[in-house]
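Trainee: From the sequence below, what's the structure:
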Amino acid sequence: MFGFLEILGGLALFLYGIRLLNAGMEKLTGEQIQKWLERMTSTRFRSALFGTI
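Mentor: Residues are numbered from 1 along each chain as shown. Next up, the predicted model:
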């Protein structure tokens with residue numbers, strides 16, 4: 001039972017860290033990444049190509 005709680009706690013900390021990283025990256029890059037992704041995935045072919053990379 002204790003091992004399960006350790007895994008659950010570790011997963012919670014990991015997900016919290018990912019959330020903080022995501023918020024920080026959004027503040028840092030703003031809309032630049034979104035515009036870049038829209039350009040890179042403007043057609044189905046480019047989307048598939050970009051997705052495989």
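
Trainee: Which element, helix or strand, includes the one residue sitting closest to the centre of the chain?
Mentor: Residue closest to the mean C-alpha point of the chain, counted by C-alpha atoms, centre = their mean, is residue 22 at 6.4 Å. Assigned by DSSP states H and E, residue 22 belongs to helix 2-29.

Trainee: quick check: angle from whichever helix or strand comes after that helix to helix 2-29?
Mentor: Moving toward the C-terminus from helix 2-29, the next helix or strand (DSSP H and E) is helix 32-40. Between helix 32-40 and helix 2-29, the angle comes out at 80 degrees (axes from the mean of the first three to the mean of the last three C-alpha atoms, to 10 degrees).

Trainee: residues making contact with helix 32-40?
Mentor: 25, 46, 50 (C-beta atoms under 8 Å, 6 or more residues apart in numbering). In short, each C-beta sits where N, CA and C put it, glycine included.

Trainee: are any of the residues you listed buried, and which?
Mentor: Neighbour-count burial (16 or more other C-beta atoms under 10 Å) is assigned to none of the contacts of helix 32-40.

Trainee: so where's this protein shaky on pLDDT?
Mentor: Across the chain, not a single residue meets the criterion (pLDDT under 70).
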